[in-house]
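Enquirer: what would the 3D arrangement of this be:
(2 chains)
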Amino acid sequence: GEDVEQSLFLSVREGDSSVINCTYTDSSSTYLYWYKQEPGAGLQLLTYIFSNMDMKQDQRLTVLLNKKDKHLSLRIADTQTGDSAIYFCAEPSRGSQGNLIFGKGTKLSVKP
Amino acid sequence: DTAVSQTPKYLVTQMGNDKSIKCEQNLGHDTMYWYKQDSKKFLKIMFSYNNKELIINETVPNRFSPKSPDKAHLNLHINSLELGDSAVYFCASSQGLAGIQETQYFGPGTRLLVL
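Expert: The predicted structure is shown next:
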């Protein structure tokens, strides 16, 4: 079945780099997504990567894609307390066009 | 302007009641969704609605029914509310169903508490 796996918790110190990992199941996924959910808020699209790319960089964010291992990671450089949130990895559903399959989310805690 | 909006933001109600949550998107998107996020923050798709075609997650009880008066709105009606329905409900929309058009934009959520 379709499944997106993430570790549930990550704790880092302010200024360090954070790496959030995700594994997905559908090798034919065209796009893979990272969403951010701040406390008490909805999900915001953080970034996405097209499947023919290995890496995408956007300011402090770096997305790495290993298609062979179906592994996606999100690196946040110089992590700030404002980065504390839940980060969801998502892939398109193979069985239901238009639907996204979300991971359980990784709660990132940033300590001062 | 808020792209995807939901009302109410908070909803507290008694078991057995019927309630509705409204969702509106001003992005001109063709597809709308409802998600349920439980207390552990796990997110599950409930419905997607595109050009009057409704796709239902088979695990969703038939007490839940989406209603779309027009392309910009997808409301969620819940009959005979149960304690287990307490959760945060998110509405989302996307431009289409394929490629980058499937990128979904989320509303702020409706926090439902059933007593």
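Enquirer: any stretches of chain A with poor pLDDT?
Expert: A:1-2, A:95-98 (pLDDT under 70).
Enquirer: ok, the residue nearest the centre of chain B - contacts?
Expert: In chain B, the residue lying closest to the centroid (CA atoms, centre = their mean) is B:Trp34, at 2.8 Å. Counting by CB atoms under 8 Å, 6 or more residues apart in numbering or on different chains, B:Trp34 touches B:23, B:45-47, B:66, B:74, B:76, B:89-92. Glycine gets a C-beta too; all of them are placed from N, C-alpha and C.
Enquirer: what's the answer for B:Thr110, then?
Expert: Counted by CB under 8 Å, 6+ apart, B:Thr110 has contacts B:6-11, B:21, B:88-90.
Enquirer: pairing partners for the host helix or strand of the residue nearest to the centre of chain B, with directions?
Expert: If you go by DSSP states H and E, B:Trp34 is part of strand B:31-37. In the sheet, strand B:31-37 lines up against strand B:43-50 (antiparallel), strand B:87-94 (antiparallel) (DSSP bridges).
Enquirer: follow-up on the earlier one: any chance of the contacts of B:Trp34 in CSV, plus pLDDT and distance to B:Thr110?
Expert: Listed next are those as CSV, based on pLDDT from 0 to 100; distance: CB to CB, whole Å:
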residue, pLDDT, distance to B:Thr110
B:Cys23, 97, 9
B:Ile45, 87, 16
B:Met46, 90, 13
B:Phe47, 87, 15
B:Pro66, 92, 14
B:Leu74, 94, 13
B:Leu76, 96, 8
B:Tyr89, 97, 5
B:Phe90, 95, 8
B:Cys91, 95, 8
B:Ala92, 93, 13
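Enquirer: filter those residues down to the buried ones.
Expert: B:23, B:45-47, B:66, B:74, B:76, B:89-92 (16 or more other CB atoms under 10 Å in any protein chain shown).
Enquirer: out of those residues, which two sit at the greatest distance?
Expert: Largest separation among the buried ones among the contacts of B:Trp34 by CB to CB: B:Cys23 and B:Ile45, giving 14.3 Å.
Enquirer: which positions in chain A make contact with chain B?
Expert: A:30-31, A:33, A:35, A:37, A:41-45, A:48, A:50, A:86, A:88, A:92-93, A:96-100, A:102, A:104-105, A:107 (CB under 8 Å from any CB of the partner chain).
Enquirer: any of those residues buried? List them.
Expert: A:31, A:33, A:35, A:37, A:42-43, A:48, A:86, A:88, A:92-93, A:96, A:98-100, A:102, A:104-105, A:107.
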